[in-house]
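# Show me the folded form of this:
(2 chains)
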Amino acid sequence: GQQVMQIPQYQHVQEGEDFTTYCNSSTTLSNIQWYKQRPGGHPVFLIQLVKSGEVKKQKRLTFQFGEAKKNSSLHITATQTTDVGTYFCAGQDYNAGNNRKLIWGLGTSLAVNP
Amino acid sequence: KAGVTQTPRYLIKTRGQQVTLSCSPISGHRSVSWYQQTPGQGLQFLFEYFSETQRNKGNFPGRFSGRQFSNSRSEMNVSTLELGDSALYLCASSFLNGGEQYFGPGTRLTVT
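Sure thing, here's the model as predicted:
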């Protein structure tokens, strides 16, 4: 079945270091969404990427969508303690037609040492 | 706009009982999705409703069911509760089915 693999599962960094999480899909995606869930909170929508090769930035966060629309990455430059949380990706299967079910990665939990 | 609301926020039930959780989406959103979240298991998709119709369903047993009303509010029901059903149940609304999800705070269900 359709799968979105997200790596790494956990990442521990020193404050100021960079961080990257990757999502890889077994099928071509129509789009990919990224969410952040703070400890004790609920997932919050960050961004959606739609175009092949698309790159979007939000301050220290850089999101990329692969040329083949099968993978994506989220890169955080110079992490801060406020970046702590779990980052999820979710994509829609391009071949699913009107069935726009989101396929979720299992998330990457980021811990930042001050 | 008011965000997604879920009631109740916390619930303790006994094995074998049933439970109904409620979700009110953001005004104007017609899609409501439900997720189960347990430690280390990410977000497990339960089902999605759009305009009162179930559009997608996850791999959960038939004990888990849901519905959506004409005002887009949604409920999910779990019958014959098991210990393994203890989890955070999250509801998310979106303007389109499969669109960007806006999550509620969740209902923390504990089954004893």
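# hang on, isn't B:Val111 packed against B:Asp85?
Yes. Using Cβ atoms under 8 Å, B:Val111 makes contact with B:Asp85 at a distance of 5.2 Å. All C-beta atoms are positioned from the backbone trio N, CA, C, and that covers glycine.
# does the closest residue to chain A within chain B count as helix, strand or coil?
Using Cβ to the nearest Cβ, B:Gly98 is the residue of chain B that sits closest to chain A, at 2.7 Å. Secondary structure state of B:Gly98, per DSSP: H, G, I helix; E, B strand; the rest coil, is coil.
# cool, and B:Ser65?
Assignment for B:Ser65 (three-state DSSP): strand.
# Run through the strands of chain A in chain order.
A:4-7, A:10-14, A:19-25, A:29-37, A:44-49, A:55-58, A:61-65, A:71-76, A:85-93, A:102-104, A:108-113 (DSSP state E).
# Relative to B:Arg30, which of those is closest?
strand A:102-104 (15.9 Å; Cβ to Cβ).
# Which residues are in contact with the residue minimising distance to the centre of chain A?
Among the residues of chain A, the one closest to the centroid is A:Cys89, at 3.9 Å (Cα atoms, centre = their mean). Each residue near A:Cys89 by Cβ atoms under 8 Å, 6 or more residues apart in numbering or on different chains is listed here: A:4, A:6, A:21, A:23, A:32-35, A:72, A:74, A:104-105.
# got it, and B:Tyr49?
So B:Tyr49 contacts B:31-33, B:55, B:66-68, B:74 (Cβ under 8 Å, 6+ apart).
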